[in-house]
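K.L.:
Dropping a prediction and its sequence here:
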Amino acid sequence: MHPDVPNAMNGIRRKHGNLLAAVLVGWLAVNSAVISAADPSDLSTRKSPDWLRSAVVYEIFPRDFSEEGNLNAITARLDELKDLGVDVLWLMPVHPIGEKMKKGSIGSPFAVRDFYAINPDYGTTNDFKRLIEEAHKRDMKVVMDIVAGQTAWDSVLMAHPEFYLHDKNGAIIPPDPAWTDVAGLNYANPEVCRYMIEMMKYWLKDFGVDGFRCDVAPNVPLDFWEASRAELEKINPQVIILADAGAKPELLTNAFDVDSSWNFIYVLDLVMGGQLSADFIRESWEHTQQQFPKGALHLRFTDNHERTRAVVRYGMNGALAAQVLVLMLDGVPLFYNGMEAGDATESADPALFEKMPVFWHASGRPPLRDIYRDLIKLRKQNAAFYNGEVVWLTNTAPAQVVSILRRDAKDEFVVLINLSSSRVTGSVELPDTESFEPVKISGRPVSAGNLLPSFNLSGYDWCIYHRTATP
């Protein structure tokens, strides 16, 4: 275990005892993408495009995004995504899926049979080109999911057994013993590196994709990602590359624009489950700040294809409160398809291996789409949220309520979020509360009873306040 892990857990032990600390340490240790040995003092972050800091990423599982389950069905709804405020479409792998040793009746899109082809169930290469062209007309970018560390067992690359990892008996093996439906690629072979770089160049040059999201990026050597970045920038200097990794500073400094804040979601799950105090979110955030050089970007999420949906884990109002936190913090917020409809359909196993479409028209939901659209608009229109400071405010209910100040030279916003199911009253420490006014969000009442510095929040309630910054 990396020595930073026990150091980071000291605060948890003091507040929550050894049992919960051990649970969290176990999670961090098991997930290889969470801890890195890099010293941030030796690193400087890459200069990512300025627009990315204010962007919203929307992950799409083409099979489940619609009943049709194809690319044309995504293209048909681009105006809806644009209206929501989406800037970047992250498409889960669009390649043909392997049949050999597949899981479920269809198989995982991360078991790729041919990196140069489009899954025929999704459509044709022309359909893919049209999707990209139509997204670009709406000033949206398209990012492809690349599974660089593995292939399906019936991949076209199996013609080159030397491309794969082998055990001591010479048999090809998965990159992880639990991933029985895929075979691991061997990056000690320079031909593998060359093949994968040329493949990414093909989609960038011939199809105009804007970048890549790289699945389990730490499973592939860093020097491969560095070489890939250099080659891709020759085609598109503004290419964006997202790492499926957390707490690996060297990935961001050397090759990637943004990583996944896995440590954030682990802690948030424990907070929402009542196992940790809400103030540990601040401690986790501060630990990440210490790990990474200033300016590092993290993809923040509550929902994705690897987890049971947030509305199932947290409840409908809890999921909304958690996503409000994602939108109000620094970093790049992620939406997973169907969140804006309150979809509760399974998103991980078995959905990765079967067809389980998003249910877009559930009744009895709050007006999530309107709420999210207004919150995204608020974030985009105010640089305090994407270029400003994050100041954690002390409040009298730290076990339940997160209180933050987002500010720049022009604006100040106070955000209060109750991450518990119980009503909480209290106050927040602010040296000056004059002129703060509640921000109106569609579908949300503005409570006259919440006047700073006091708050009275029902379960999973939240409030946002604004004032013009004084010179």
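P.N.:
Perfect, I can see it now.

K.L.:
Give the other helices and strands that the helix or strand containing Asp83 contacts.
P.N.:
Taking DSSP states H and E as the criterion, Asp83 maps to helix 78-84. Judged by 3 or more C-beta pairs under 8 Å, 6 or more residues apart in numbering; DSSP states H and E, helix 78-84 is in contact with helix 368-381. Bear in mind the C-beta positions are built from the backbone N, C-alpha and C, glycine included.

K.L.:
how far does the helix it packs on sit from the chain's center?
P.N.:
On the basis of C-alpha atoms, centre = their mean, to the nearest Å, the separation between the geometric centre of helix 368-381 and that of its chain is 18 Å.

K.L.:
start the count at 469, not 1, going forward
P.N.:
OK, 469 is where the count begins now, so the last one is helix 836-849.

K.L.:
Give me the buried positions along the helix or strand following it.
P.N.:
Proceeding N to C from helix 836-849, the next assigned helix or strand is strand 857-860, under DSSP H and E. Using 16 or more other C-beta atoms under 10 Å as the test for burial, strand 857-860 gives Val858.

K.L.:
How about residues contacting strand 857-860?
P.N.:
By C-beta atoms under 8 Å, 6 or more residues apart in numbering, the residues outside strand 857-860 that reach it are 750, 753-754, 797-798, 871-876.

K.L.:
Out of these, name the ones that lie in strands.
P.N.:
Judged by DSSP state E, the contacts of strand 857-860 include 871-875 as members of strands.

K.L.:
What is the nearest of these to Val707?
P.N.:
Set against Val707, the nearest of these by C-beta to C-beta is Arg874 (29.3 Å).

K.L.:
how about Gly638, what does it touch?
P.N.:
By C-beta under 8 Å, 6+ apart, Gly638 has no neighbours at all.

K.L.:
10 Å - rerun?
P.N.:
Pro629 (C-beta atoms under 10 Å, 6 or more residues apart in numbering).

K.L.:
Now name the helix or strand holding it.
P.N.:
Under the assignment here (DSSP H and E), Gly638 is part of no helix and no strand.

K.L.:
go on, the one 10 residues further on?
P.N.:
Applying DSSP H and E as the criterion places Thr648 outside every helix and strand.

K.L.:
what's the answer for the one 4 residues further on, then?
P.N.:
Element membership of Gly652 [criterion: DSSP H and E] is strand 650-652.

K.L.:
Quick one: neighbours of the residue nearest to Asn785 when sequence neighbours are not counted, just the number.
P.N.:
Spatially, and ignoring its direct neighbours in sequence, Asn785 is nearest to Tyr928 (3.9 Å; C-beta to C-beta, 6 or more residues apart in numbering). Per other C-beta atoms under 10 Å, the neighbour tally for Tyr928 reads 23.

K.L.:
same question, Gln706
P.N.:
12.

K.L.:
how long is stretch 572-581 from one end to the other?
P.N.:
Chord length of stretch 572-581, first to last residue, is 16 Å (C-alpha to C-alpha, to the nearest Å).

K.L.:
residue ranges for the helices of this structure, please.
P.N.:
472-498, 518-521, 530-533, 539-543, 546-552, 593-605, 658-675, 690-703, 717-722, 730-740, 747-759, 778-782, 784-796, 836-849 (DSSP state H).

K.L.:
which ones are touching Ala746?
P.N.:
Ala746 neighbours (C-beta under 10 Å, 6+ apart): 735-736, 739-740, 793, 863, 865-871, 885-888, 892.

K.L.:
coming back round to it: quickly note the distance from the residue nearest to Asn785 to Met784.
P.N.:
As judged by C-beta to C-beta, to the nearest Å, Tyr928 and Met784 stand 9 Å apart.

K.L.:
Then Phe692?
P.N.:
Applying C-beta to C-beta to Phe692 and Met784 gives a distance of 42 Å.

K.L.:
do the same with Arg775
P.N.:
Distance from Arg775 to Met784, by C-beta to C-beta: 16 Å.

K.L.:
cool, Pro705 as well?
P.N.:
On the measure of C-beta to C-beta, Pro705 and Met784 end up 43 Å apart.

K.L.:
Tell me where the model's unsure across the protein.
P.N.:
Counting by pLDDT under 70, the chain shows low-confidence ranges at 469-513, 915-917.

K.L.:
Outline the domain layout of the protein.
P.N.:
Segmentation of the chain into domains, based on automatic domain parsing, reads 507-855, 858-936.

K.L.:
which of these sits most buried?
P.N.:
Using mean count of other C-beta atoms under 10 Å, the stretch among the domains of the chain with the largest mean neighbour count is domain 507-855, at a mean of 19.

K.L.:
Relative to its centre, which residue of this structure is most distant?
P.N.:
Asn637 (38.7 Å; C-alpha atoms, centre = their mean).

K.L.:
State the phi and psi torsions of that residue.
P.N.:
phi -90, psi 0 (degrees, to the nearest 10).

K.L.:
Same question for the one 10 residues further on.
P.N.:
For Trp647, the backbone dihedrals are phi -90, psi 70 (criterion: degrees, to the nearest 10).

K.L.:
re the thing from before, dump the contacts of strand 857-860 to TSV, plus distance to Met569.
P.N.:
Formatted as TSV, the contacts of strand 857-860 follow (distance: C-beta to C-beta, whole Å):
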residue	distance to Met569
Arg750	45
Trp753	41
Glu754	44
Leu797	40
Asp798	42
Ser871	50
Ile872	47
Leu873	52
Arg874	48
Arg875	53
Asp876	53
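
K.L.:
What is the nearest of the residues you listed to Lys823?
P.N.:
Nearest to Lys823 among the contacts of strand 857-860: Leu797, at 34.0 Å, using C-beta to C-beta.

K.L.:
residue contacts, that closest one?
P.N.:
Leu797 neighbours (C-beta under 10 Å, 6+ apart): 729, 732, 749, 753, 766, 768, 853, 858, 870, 872, 874, 883.

K.L.:
how about TSV for those, with distance to Val580 added?
P.N.:
Below are these laid out as TSV (distance: C-beta to C-beta, whole Å):
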residue	distance to Val580
Ser729	26
Phe732	28
Ile749	36
Trp753	35
His766	27
Arg768	27
Phe853	37
Val858	38
Val870	40
Ile872	40
Arg874	40
Val883	41
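
K.L.:
Can you tell me which of those residues lies closest to Asp518?
P.N.:
Nearest member of the contacts of Leu797 to Asp518, counting by C-beta to C-beta, is Phe853, at 14.2 Å.

K.L.:
out of everything not next to it in sequence, what's closest to that closest one?
P.N.:
In space, Phe853 is closest to Arg847, 4.5 Å off (C-beta to C-beta, 6+ apart).

K.L.:
Just to check, that neighbour is in contact with Val524?
P.N.:
Yes. Using C-beta atoms under 10 Å, Arg847 makes contact with Val524 at a distance of 7.8 Å.

K.L.:
Would you map the strands across the stretch 819-939 of the chain?
P.N.:
For the stretch 819-939 of the chain, applying DSSP state E, counting those that start in this stretch gives strands covering 857-860, 869-875, 879-886, 892-895, 905-906, 922-925, 930-936.

K.L.:
In TSV: those, plus distance to Arg833.
P.N.:
Below are these laid out as TSV (distance: least, C-beta to C-beta, whole Å):
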stretch	distance to Arg833
strand 857-860	30
strand 869-875	24
strand 879-886	20
strand 892-895	24
strand 905-906	23
strand 922-925	21
strand 930-936	17
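
K.L.:
Now do the same contact list for Ser890.
P.N.:
742, 865, 868, 925-928.
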